[in-house]
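Participant: Sequence first, then the predicted structure, then my questions.
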Amino acid sequence: MLTASYVGRIFSRIGDGLIKKMPFISGLYGALKKVFETILGTGKETAFRQPVLVEFPRRDMWTVAFITGATYKGIQKMFADDLVSIYVPTTPNPTSGYFVYVPKKDIKMLDIGVDEALKLIISMGIVNPDKIVDCTDKKVTGRVQHRKK
């Protein structure tokens, strides 16, 4: 296992070095790499924290979205309801989408991981997780919530 990860890192560095030497490809590769590292994360800190369902773009139409973090205090103080920062990705390219503030009471927590939610979005609903459970009773916070197995 240690050897495999060590060899894998060496090949990854070699591949990165080769791609960075290609004029047009290097800029595109670097940008895409940063986007995917931010979205998927390399540890506990990821851009997408918890998959949720929100009514978007109008009432009675539900879409998968992600909690992205704490609401900016300057905006929160303008509203009576607690707001949650939500990113609504577009299909099939989740790197474009809408950033919105939604009242906490209007979101439904999903008991699936970020990776499963991204598969659902990218596949346009063709690839479904094994289970989708409404977890509305879960506490909504700006922290990462890990799924129980």
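Facilitator: Received it, and whenever you're ready, just let me know what you need.

Participant: Share the number of residues neighbouring residue 10, please.
Facilitator: Neighbour count for residue 10, taken as other C-beta atoms under 10 Å: 10. Any C-beta I mention is one placed from the backbone N, CA and C, and that applies to glycine too.

Participant: chain center to the one helix or strand it maps to, what's the gap?
Facilitator: Residue 10 is part of helix 2-20 when elements are defined by DSSP states H and E. Distance of helix 2-20 from its chain centroid, counting by C-alpha atoms, centre = their mean, to the nearest Å, is 26 Å.

Participant: What are the boundaries of the helices in the chain?
Facilitator: 2-20, 23-40, 73-76, 114-122 (DSSP state H).

Participant: So what touches the first one?
Facilitator: Read it as helix 2-20. Residues from elsewhere that reach helix 2-20 (C-beta atoms under 8 Å, 6 or more residues apart in numbering): 25-26, 29-30.

Participant: try 7 Å
Facilitator: The list of residues contacting helix 2-20 from outside it, by C-beta atoms under 7 Å, 6 or more residues apart in numbering, reads 25-26, 29.

Participant: just those now: which is nearest residue 71?
Facilitator: Set against residue 71, the nearest of those by C-beta to C-beta is residue 29 (33.9 Å).

Participant: For this protein, which element, helix or strand, carries the lowest mean pLDDT?
Facilitator: In the chain, no helix or strand scores lower on mean pLDDT, DSSP states H and E than helix 23-40, which sits at a mean of 71.

Participant: what's the closest non-adjacent residue to the spatially most central residue of the chain?
Facilitator: Nearest residue to the geometric centre of the chain (C-alpha atoms, centre = their mean): residue 48, 3.0 Å. The spatially closest residue to residue 48, leaving aside those adjacent along the chain, is residue 66, at 3.8 Å (C-beta to C-beta, 6 or more residues apart in numbering).

Participant: quick one, what contacts the one you found?
Facilitator: Counting by C-beta under 7 Å, 6+ apart, residue 66 has contacts 48-52, 86-87, 114.

Participant: Sounds good, over and out.
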